[in-house]
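S.K.: give me coordinates for this.
(2 chains)
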Amino acid sequence: MSALARWDAFLAQIKGRHEQVRAEALAAERAFIASIAAGGDYLPMSHRLGAIKHRLQELESKIMDTWHAQVDDAILDEGNPVEARDAACHKGIALGHELEDARDAVEITLLAELARARYQVAAAALPPLACAACGAHHQAPHTFRLVDLACPSCGAAVRYDPGDLMKSAGAIGTHPVSHEAAGQEAAAMRAADRACRGARSPCPLALLKASEAAQIAYWRRYLASRAWFEPELARDPELEVRKRMEQWYQFTADQEEAWVAAGRPRAI
Amino acid sequence: MGFLDTLKNLFGGAKARAEQAMNQVGQHGHPGHGHPGQHPGHPGHGHPGHAHAYGAPEQHQAEEEEDSSEEAFDLAGFNPEDEETFFDAMRHMESEGMFGGTDESRAEIMQRFGIRDRMHWQTVRDSVFSVLARKYGSIEEVSQRQVNWSMGQMQRHQQQQTQRAAASGELNPVEGISLEKWAAMNAAIASGMNHEDLLRSNGIDPARWERVSGEWNARMARDTTFAITTVYGNAFQAASQGKYGDYAREANAARAANRELSMEPPMTIEQYWEILYEQDYGSKQGRDPIEVLKGCGLTVVDWTDLSAFMGYYMNRTVQRNWQQFNAMHEAVKAKFAAKYPGVTTDVDIKF
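M.R.: Numbers count the residues shown, from 1 in each chain, chains lettered A, B, ... in the order given. Presented below is the predicted three-dimensional model:
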């Protein structure tokens, strides 16, 4: 079998194993989630997911490790043109990116599912807002935390505790649910970042602007979702986005000649 | 998998520090000479015309006789007695990004020191390094000095970020609870103190604690300069009652002043790596990290404190001692591969 064909077969094996490991993890952990939806320690799942992540990462790194150790030379030694070698290399890189995205999705998906499951159970059993001063009962407020509120009837201070399960739903779900809601934007952001990295420094301004736009779109969507858990994020959404972009502006964009030459054209 | 790659795969708070230290070996080791410490054809290739100024002429002569290639020697406008200026120029000439140079800064340096082009720079760089190596006894020692200088630069930058964060109000107390107090209370919780007792003794009701924690966590999340995290980490360790608390405090003080540690390490690097490997294999097996640490006789607080000290210790010594570190690391790696056979999976997939 030619080196190019063996490379394709190798990639197919990596992809197949990666899919298999992910599918097994999802199936096993969904069963576990069902058993702890109403409460219980979810950390064993986190530990298992850590092990799964290790394994998936090792499969991913095997692609380019093998390329450098064996495949590159094998393809050229068989007299293939450089273009064929480069195309084969890009195939490996593209698969690596695809698998990396799929790996990230496993943990996000499972934690979001656990948070939703807990939220449903907790929401069904939420205690009402009960005022000790006037005795009125009101509909439970939307919160994942202990809060001090004013009684809608008499205005007295009322402390409301949504319960451990609701708090747990918030603690588990804040990031994964928000990230999942911005899934398309996250994929676009990763693609734009990879395009910048692929260009290497100095990066053209157009790619930097595209990456900036993709990140801003992601943060807007992500934070809009996260504000459901943390209402204070809705106070000044643009400020929140700007703060999260600052690192990229400082550590990446401001180090690029094209960006500096264009007058550091921040969009936010 | 190589030495650096393996360390990159180790997890936990210390992983990053170990990785940083090891990466610095690669990045700050004498450039253009491959693996750290392996400096083929480097030291001692002096030009006779300059050797009298900065090196021992006899040594230069002897080495030139051994090496017929007679590489050029040229210090250009650099004075090896002023190594900080040289390290700073090197940072600009050889690095990109936040702590690196730009085309403008490189052009300015080339003009200031009379560097003609990249090839000339490499000759000058190697020449200055060789003079410094004679002065300090080895290339490794010079590399270590360069890393120490770079760490000082980064530390200064971080201190400026903290000042900016303070000026912006992000370090202002939340409902009367300062970042330092919040960190100290978290340290007490992490050490096992009863949560409710702690709040009661500090006169804080649970709702206020949740609001305060929520706000500090939110500030940390949006602080991309890590200024808040740094202040928090220092305050957390300042309050640590763990058995390595003094070590962590000493490391933080040494880091802030960019100085050497005044305490001997509480364990060998080899023992420290064994803990890292226990965690790495534990993670691969899906084990509870706290249980893994417990198996090593450590709590989370102990580990945080220990890794703060050992991480800094490695940063300050890795260039100088990389050969011993490498040998130790290989021994630990082999020991753990034997201890946990079968943890590596998917070996059936081959090209």
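
S.K.: quick check, stretch A:256-268 touching chain B?
M.R.: Yes - residues of stretch A:256-268 are located near chain B by C-beta under 8 Å from any C-beta of the partner chain, namely A:257, A:260. From N, CA and C alone the C-beta is placed, and that goes for glycine too.

S.K.: and for B:F325, the neighbour number?
M.R.: B:F325: 23 surrounding residues under other C-beta atoms under 10 Å in any protein chain shown.

S.K.: could you find the closest non-adjacent residue to the closest residue to chain A within the stretch 101-250 of chain B?
M.R.: Nearest to chain A, among the residues of the stretch 101-250 of chain B, is B:T224, at 3.1 Å (C-beta to the nearest C-beta). Among residues not flanking B:T224 along the chain, A:Q247 sits closest, at 3.1 Å (C-beta to C-beta, 6 or more residues apart in numbering or on different chains).

S.K.: and the helix or strand encompassing the one you found, what does it pack against?
M.R.: Assessed by DSSP states H and E, A:Q247 sits inside helix A:237-251. The contact analysis (3 or more C-beta pairs under 8 Å, 6 or more residues apart in numbering or on different chains; DSSP states H and E) places helix A:237-251 against helix A:205-226, helix B:206-222.

S.K.: whatever residue of the stretch 1-150 of chain A ends up closest to chain B and B:E291: what is the separation?
M.R.: Using C-beta to the nearest C-beta, A:A51 is the residue of the stretch 1-150 of chain A that sits closest to chain B, at 3.4 Å. A:A51 sits 14 Å away from B:E291, taking C-beta to C-beta, to the nearest Å as the criterion.

S.K.: which ones are touching the closest residue to A:P127 other than its chain neighbours?
M.R.: Closest residue to A:P127 apart from its sequence neighbours, by C-beta to C-beta, 6+ apart: A:A140 at 6.5 Å. For A:A140, the contact set (C-beta atoms under 8 Å, 6 or more residues apart in numbering or on different chains) comprises A:126-129, A:160, A:162.

S.K.: and these, which two are furthest apart?
M.R.: A:P128 and A:P162 (11.3 Å; C-beta to C-beta).

S.K.: neighbour count for these two, which is higher?
M.R.: A:P162 (21 against 12).

S.K.: ok so, going back, okay, A:A51 and B:E291: which has more neighbours?
M.R.: Set A:A51 next to B:E291 and count neighbours by other C-beta under 10 Å: A:A51 wins out with 18 against 10.

S.K.: and that one, that one's in a helix?
M.R.: Yes - membership of A:A51 in a helix is supported by DSSP: H, G, I helix; E, B strand; the rest coil.

S.K.: now do the SS call for B:M263.
M.R.: Under three-state DSSP, B:M263 comes out as coil.

S.K.: isn't it right next to B:D246, touching?
M.R.: Yes - in terms of C-beta atoms under 8 Å, B:M263 counts as a neighbour of B:D246; the distance is 7.4 Å.

S.K.: returning to that earlier point: what sits against the residue of the stretch 1-150 of chain A closest to chain B?
M.R.: Counting by C-beta under 8 Å, 6+ apart, the residues that A:A51 touches are B:283-286.

S.K.: cutoff 6 Å now
M.R.: Contacts here follow C-beta atoms under 6 Å, 6 or more residues apart in numbering or on different chains; on that basis A:A51 touches B:284-286.

S.K.: sorry, back to before: contacts for the helix holding A:Q247, please.
M.R.: A:219-220, A:223, A:233, A:268, B:98, B:222, B:224.

S.K.: how far away is the residue positioned nearest the centre of chain A from A:A12?
M.R.: Nearest to the mean C-alpha position of chain A, by C-alpha atoms, centre = their mean, lies A:H179 at 4.9 Å. For A:H179, the distance to A:A12 equals 30 Å [C-beta to C-beta].

S.K.: chain A contacts on the stretch 251-351 of chain B?
M.R.: Neighbours of chain A within the stretch 251-351 of chain B, by C-beta under 6 Å from any C-beta of the partner chain: B:283-286, B:288, B:345-346, B:349, B:351.

S.K.: which among these gets closest to A:D104?
M.R.: Nearest member of those to A:D104, counting by C-beta to C-beta, is B:S283, at 17.1 Å.

S.K.: burial of that closest one, as a residue count?
M.R.: So B:S283, with other C-beta under 10 Å, has 21 neighbours.

S.K.: before we move on, what about B:Q163?
M.R.: Neighbour number of B:Q163 under other C-beta under 10 Å is 12.

S.K.: you'd agree A:H47 is up against B:D288?
M.R.: Yes - look at A:H47 against B:D288 with C-beta atoms under 6 Å: they come within range, at 5.4 Å.

S.K.: could you pull up the mean pLDDT of the helix ranked longest in chain B?
M.R.: Looking across chain B with DSSP state H, the single longest helix is helix B:139-167. Taken as a whole, helix B:139-167 has a mean pLDDT of 90.

S.K.: hmm, back to that, A strand includes the residue nearest to the centre of chain A, no?
M.R.: No - counting by three-state DSSP, A:H179 is located in no strand; its state is helix.

S.K.: measure it to chain B for me?
M.R.: Using C-beta to the nearest C-beta, to the nearest Å, one obtains 13 Å as the distance from A:H179 to chain B.

S.K.: helix, strand or coil for B:I115?
M.R.: coil.

S.K.: burial count for it?
M.R.: 24.

S.K.: now do the one 10 residues further on
M.R.: Burial of B:R125 is recorded as 23 neighbouring residues (other C-beta under 10 Å).

S.K.: quick one: list the elements packing against the helix or strand B:Y281 falls within.
M.R.: Element membership for B:Y281, per DSSP H and E: helix B:269-284. Applying 3 or more C-beta pairs under 6 Å, 6 or more residues apart in numbering or on different chains; DSSP states H and E, one finds that helix B:269-284 contacts helix A:43-66, helix B:289-295, helix B:322-339.

S.K.: and of these, who's closest to B:D117?
M.R.: helix B:322-339 (31.2 Å).

S.K.: could you tell me the angle between that closest one and helix B:139-167?
M.R.: When axes from the mean of the first three to the mean of the last three C-alpha atoms, to 10 degrees is applied, the directions of helix B:322-339 and helix B:139-167 differ by 80 degrees.

S.K.: rewinding a little: winner for burial among the helices and strands packed on helix A:237-251?
M.R.: helix A:205-226 (a mean of 19; mean count of other C-beta atoms under 10 Å in any protein chain shown).

S.K.: what about that helix, near chain B?
M.R.: No - on the criterion C-beta under 6 Å from any C-beta, helix A:205-226 is out of touch with chain B, staying 9.7 Å away.

S.K.: so how far is stretch A:52-61 from its chain's centroid?
M.R.: 17 Å (C-alpha atoms, centre = their mean, to the nearest Å).
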